[in-house]
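*Asks:* quick one, what's the 3D model for this:
(2 chains)
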Number of protein chains: 2
Amino acid sequence: MNSALALDRIRIVLSRTSHPGNIGAAARAMKTMGLSQLWLVAPQAHPSREAWARASGATDVLDAARVVSTLQEALAGTVLSAALTARRRELSLPRMHAREAAAELLRHTAAGEVALVFGNETNGLTNDEVALCGMPVSIPANPEYSSLNLGAAVQVLCYELRIAALTPQPPADPLPQLATHDEVEGFFAHLTRVSTQSGFHDPANPKRLLPRLRRLFGRIRLEREEVSILRGLLTSFERKVE
Amino acid sequence: MNSALALDRIRIVLSRTSHPGNIGAAARAMKTMGLSQLWLVAPQAHPSREAWARASGATDVLDAARVVSTLQEALAGTVLSAALTARRRELSLPRMHAREAAAELLRHTAAGEVALVFGNETNGLTNDEVALCGMPVSIPANPEYSSLNLGAAVQVLCYELRIAALTPQPPADPLPQLATHDEVEGFFAHLTRVSTQSGFHDPANPKRLLPRLRRLFGRIRLEREEVSILRGLLTSFERKVE
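*Replies:* Residues are numbered from 1 along each chain as shown, chains lettered A, B, ... in the order given. All right, here's what the predicted structure looks like:
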């Protein structure tokens, strides 16, 4: 696929950003690398004069940014999503390095839109946000001081995405028909409903059941057909439970 | 060589920086990647509260920064220096990409200190500044908007340097005994003197002679012994001219 087209299919998602200057810096970083889709999840202050000032010549990216209230909305329709996380997490999948993750995201643009999610400056992403994404990513950094500025982190990842887009890729196995984010979410909703009906899941006392299930299914990157099969199975249970 | 030691031998040189916030951002970017040597050439405003605020947890890098008044001083004692430049230049050598340049700089830390120079936010580096460095470098960017923020550019290069430091390198040919920056400058001063005495170079009407000579000798990366030979030759001319 044309590399400009591939970069156009990548959503940079900033979740709950505190400092509007970082939104502008991210827009500028994106445009220098040829990316254009900026999604803002519940930004603390937006629009703002500061973001437009820091965007410098990349105000077109800011003007076109989509503002949504949940990460779910920003991921709707994507075939693969990655989350930048500086911390190891109890429940998460093993993290991929930025370079490898960029190549993997890019490869999947052939199947549809993909997303790369960055958390809040102070707290990063919540475990639930990371769990919504199939692929945790880290930037190799000084273990004694690994706190990249948000705009700088966006710059590094967008740089790796551009390099990946410009580098001829070795022929890979044909892409599996991955289920979209929405299809996977439909499956999780179905699973939650049935396991609640069956008494296995207690919404009043959820423990870590749902995150664990997300981790399990996140790791295998469900194909569309597999989602159909699983939902068929759930429907069959549902009938029994009723 | 130990990768932390190698990163300690890399000078990040910011020339004539306008915005003190960018100095702080550069310090933070460096520390996240394990670099520590920051050199400031004639910064517009330093020290400043803004730089220390933007450095976040990397104030130790700022505290230790060396402030000098010319690029020559910042390069003194280095065995190799690279200059980031977004523009093609009439006289410059072919530019190396960031990834390749990072590996090359790192390789030369085995022989001594190396430098990576970043210009002013608005005007970049002058042709004379680029000519002082043996290696022009570019970050692959969107040809329609290639203007990275200074802190973001420092982040990308330091990231590549860290990756290069952590990546086992294939065995390379033994490093040549490169002349230091000072030795090369001694040679240029000698050459200028002799060619002025000989009437070949007219300081009142210099044309582009000296930059062209810098380009020529910059490209070959003079070895120490070659500088001795050339200076011997110059001395022999000098005697004739007198």
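*Asks:* which helix or which strand is home to the closest residue to A:Arg54 other than its chain neighbours?
*Replies:* Distances taken as CB to CB, 6 or more residues apart in numbering or on different chains place A:Gly24 nearest to A:Arg54, at 3.0 Å, with adjacent residues excluded. Every residue, glycine included, has its C-beta placed from N, CA and C. If you go by DSSP states H and E, A:Gly24 is part of helix A:20-32.
*Asks:* continuing past that helix, what's the next helix or strand?
*Replies:* Of the helices and strands lying after helix A:20-32 in sequence (DSSP H and E), the nearest is strand A:37-41.
*Asks:* check what contacts the helix or strand just after that next one and list those residues.
*Replies:* Using DSSP H and E, the helix or strand that follows strand A:37-41 in sequence is helix A:49-55. With contact meaning CB atoms under 8 Å, 6 or more residues apart in numbering or on different chains, helix A:49-55 is reached by A:19-25, A:27-28, A:59, A:61-62, A:151.
*Asks:* which pLDDT does the model give A:Leu93?
*Replies:* With respect to pLDDT, A:Leu93 scores 68.
*Asks:* also the one 3 residues further on?
*Replies:* The score at A:Met96 is 91. That number is its pLDDT.
*Asks:* one more: A:Ser195?
*Replies:* pLDDT at A:Ser195 comes out at 81.
*Asks:* doesn't A:His201 make contact with it?
*Replies:* Yes - here A:Ser195 reaches A:His201: they are 4.0 Å apart, a contact under CB atoms under 8 Å.
*Asks:* need the overlap of contacts for the two.
*Replies:* Shared contacts of A:Ser195 and A:His201 (CB under 8 Å, 6+ apart): A:Leu209.
*Asks:* what sits against the nearest residue to A:Lys31 once chain neighbours are set aside?
*Replies:* The shortest distance from A:Lys31 to any non-neighbouring residue, by CB to CB, 6+ apart, is to A:Ala58 (3.8 Å). By CB under 8 Å, 6+ apart, A:Ala58 lies in contact with A:24, A:27-28, A:30-32, B:145.
*Asks:* what do you get if the cut-off is 7 Å, keeping everything else the same?
*Replies:* Going by CB atoms under 7 Å, 6 or more residues apart in numbering or on different chains, A:Ala58 touches A:27-28, A:30-31, B:145.
*Asks:* what of A:Leu191?
*Replies:* Listed by CB under 7 Å, 6+ apart, the contact set of A:Leu191 reads A:213, A:234.
*Asks:* report pLDDT for it.
*Replies:* You'll see A:Leu191 listed with a pLDDT of 85.
*Asks:* residue ranges in chain A under the pLDDT threshold?
*Replies:* A:1, A:89-93, A:169-173, A:219-220, A:240-242 (pLDDT under 70).
*Asks:* near chain B, which residues of it?
*Replies:* Within chain A, the positions adjacent to chain B are A:25, A:28-29, A:31-34, A:56-58, A:139-142, A:145-149, A:151-152, A:155-156, A:159, A:162-163, A:166 by CB under 7 Å from any CB of the partner chain.
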